[in-house]
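J.: predicted coordinates and the sequence they were generated for:
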Amino acid sequence: MDDLYRENIVEHYNHPSHRGVVDPCNVKFADDNPLCGDHIEITLNTSSEGIITEAKFTGHGCAISQASADILLDEVIGKSIDEVKKMTKDDLISLLGIELGAVRLKCALLSLKVLKAGVYGLNNADELDLEDD
Amino acid sequence: MIQIENVRADFPVLERELRPGKRLIYLDSAASSQKPLSVINAMDEFYRMNYANIHRGVHQLAEESTEMYESARAKVARFIGAKKNRQVIFTRNTTESINLVANSWGRKFLKAGDLVLLTQMEHHSNIVPWQILKQKIGIEIDFVKITPDGRLDMADLKIKLAREPKLVSFTHMSNVLGTINPVKEIIRLAHSSGAVTLVDGAQSVPHFPVNVENLDVDFLAFSSHKMLGPTGIGVLYGKLEILNQMDPFLGGGDMIKEVRFDGFSANELPHKFEAGTPAIAEAIGFGAAVGYLEEVGLGTIVEHENELLTYALLGMSEFKDLKILNPNVDNKGGVIAFYSDKIHPHDIAQLLDREGIAIRAGHHCAQPLHTVFNVHATARVSFYLYNNREEIDQFIHSLHSAINFFK
């Protein structure tokens, strides 16, 4: 328990910095994780050089999924789309700084899955399988 | 590394005395293989210590169980050279895998009049699902002929490919003839006529290296129970772009992302095709079986079985009245189907059973193939890594007695 609910996770869950909607936006994507019923939608804008200038998320779900979204957006604002495309499961896990088993990994990875599907312009996020890539 | 001469000690059943002084000689591995201790123990240990349902629980046992199940999938994926673990869908067996393709891919991408090309040497599991689809939606089915010595007739294949089948579905290795088909060449030809390919690997994956990337196959189906693993679990491998386009086969738990009163959305691969609680312990046993085969080495197994095949065919060539379907040694796995006009195959099997020798008799789920050879039934012996020359000597000896029994 202590491993999962470290202070940073609880803090980001209780007091997210990036909750909301970017409107108008040039990228918008949402997806679900059936395990906890997590849902995350990310909206963002990029500059003409492909830098993420602003990004927000809405959704509901377990602390891991929601904190993960907040921590991820913290990381990617100011970064380029190309850098986001290169982000892996391991990058996100090291950002979170917690140990995750096979089941909860899905909660944590939902935000990255939504973000990458959005920037790749996919119709279906399931074409990405971060656990398997 | 496990040495081939030591494997027998890992299979407890081979110690069994079936009749007084008659130890089991198991020559029916093409029907199903025996299980080594490592497989039995892996499942036993899992049920004792780690068991819980997978994917949905957050408690520790659920985590352990999920990790063990998914790591079994990863082992199997690596074993067949799949690029991604999610290309390995756990089914009940080869039969269910082919039915999955017929129902999910077939009903979406085939329409009345479309041709599905099979071969005359198929197992019923690669005939009947397509016949059901023919009844339901009116597809057409044709069969590539075989030559009198039990090879696929490649000239006939080319003629039939000119009819532009939508799917070419065929066995890698015949469970009756032992014939190993030139799969890579068939796939290449099928692709160049625009067909999707499905390979029935039930007899090949357990016995020699099969690499899906190298073959460029679209679907591969096989079963755990023929490759030292438990019953109740098999695999459908598929190319990602095809699997992603397919709709779910069975509906229920675990295959959904979201369910509403007015509909559902499907889960991602591979869960989309794994509705309901799967065979968890069996997957873990399957992973252990793959591990065992890798420790012995498939190259070693190929060599061993080929030596047994050559030895057995030589011994059987001395019987005047015995007819063997495909008596060649080259491009043939460790399977010999035979018959004699003097004695029915069931009587051969019954008399050999008295000696503790397990063989198969009948049409081996390949009735149409038997009609090509104009026989109702055959007797069949099949070999695996745990068989040896002494067992074949005993088989030949007992076959002599059986054939002379009705004289």
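T.: Good, I have the coordinates.

J.: switch to C-alpha atoms for all contacts and neighbour counts from now on
T.: Will do.

J.: what does chain B put close to chain A?
T.: B:55-58, B:62-63, B:66-67, B:84-86, B:244, B:256-258, B:267-269 (CA under 8 Å from any CA of the partner chain).

J.: ok, residues contacting the longest helix seen in chain A?
T.: Counting residues, the longest helix found in chain A (DSSP state H) is helix A:105-120. If you take CA atoms under 8 Å, 6 or more residues apart in numbering or on different chains as the criterion, helix A:105-120 is touched by A:27-33, A:35-36, A:38, A:40-42, A:62, A:64-66, A:68-69, A:72, A:81, A:84-85, A:89, A:92-93, A:123-125, A:128-130.

J.: mind listing which of those residues are in strands?
T.: Among these, the members found in strands (DSSP state E) are A:27, A:28, A:29, A:30, A:31, A:32, A:33, A:38, A:40, A:41, A:42.

J.: residue contacts, the residue lying closest to the fourth one once chain neighbours are set aside?
T.: In space, not counting the residues next to it along the chain, residue A:30 is nearest to residue A:41; the distance is 4.0 Å by CA to CA, 6 or more residues apart in numbering or on different chains. Taking CA under 8 Å, 6+ apart as the contact definition, residue A:41 lies against A:28, A:29, A:30, A:31, A:57, A:58, A:59, A:114.

J.: hey, what's residue A:41 bridged with?
T.: Counting by DSSP bridges, residue A:41 forms beta bridges with residue A:30, residue A:58.

J.: angle of the longest helix of chain A against strand A:27-33?
T.: Angle of helix A:105-120 versus strand A:27-33, following axes from the mean of the first three to the mean of the last three CA atoms, to 10 degrees, is 160 degrees.

J.: what's the burial count for residue 64?
T.: Looking at chain A here, since you left the chain open. 25 (other CA atoms under 10 Å in any protein chain shown).

J.: other chain: chain B
T.: 22.

J.: next, the residue lying closest to it once chain neighbours are set aside: phi, psi?
T.: Once flanking residues are discounted, residue B:64 sits nearest to residue B:50: 6.4 Å by CA to CA, 6+ apart. Residue B:50 adopts backbone torsions of phi -120, psi 0, taken as degrees, to the nearest 10.

J.: pick out the residue closest to the middle of chain A.
T.: For chain A, the residue whose C-alpha lies nearest the mean C-alpha position (CA atoms, centre = their mean) is residue A:111; its distance is 2.3 Å.

J.: and residue B:145, how far is that from chain A?
T.: 40 Å (CA to the nearest CA, to the nearest Å).

J.: now residue B:332
T.: 36 Å.

J.: contacts only, for that residue.
T.: Here residue B:332 is in contact with B:173, B:177, B:178, B:179, B:180 (criterion: CA under 8 Å, 6+ apart).

J.: pLDDT weak spots in chain A?
T.: A:1-2 (pLDDT under 70).

J.: what does it have sitting close to chain B?
T.: A:32, A:33, A:34, A:35, A:101, A:102, A:103, A:104, A:126, A:127, A:132, A:133.

J.: let's go with 7 Å and repeat that
T.: Those residues of chain A that sit near chain B, judged by CA under 7 Å from any CA of the partner chain, are A:32, A:33, A:34, A:35, A:101, A:102, A:103, A:104, A:126, A:132.

J.: most neighbours among these, which one is it?
T.: residue A:32 (24 neighbours).

J.: and the residue sitting furthest away from the middle of chain A, how close does it get to residue A:84?
T.: Farthest-out residue of chain A from its mean C-alpha position, per CA atoms, centre = their mean: residue A:48, at 22.7 Å. Separation of residue A:48 from residue A:84 (CA to CA, to the nearest Å): 16 Å.

J.: over to residue A:92?
T.: 11 Å.

J.: hey, what's in contact with both of the two?
T.: Common contact partners of residue A:92 and residue A:84 (CA atoms under 7 Å, 6 or more residues apart in numbering or on different chains): none.

J.: quick one: residues in contact with the helix or strand in which residue B:399 is found.
T.: Secondary structure assignment for residue B:399, by DSSP states H and E: helix B:389-405. Helix B:389-405 is contacted by residues B:25, B:308, B:312, B:315, B:316, B:343, B:348, B:351, B:352 when judged by CA under 7 Å, 6+ apart.

J.: from the residues you listed, which ones fall inside helices?
T.: Those of the contacts of helix B:389-405 lying in helices (DSSP H): B:308, B:312, B:315, B:316, B:348, B:351, B:352.
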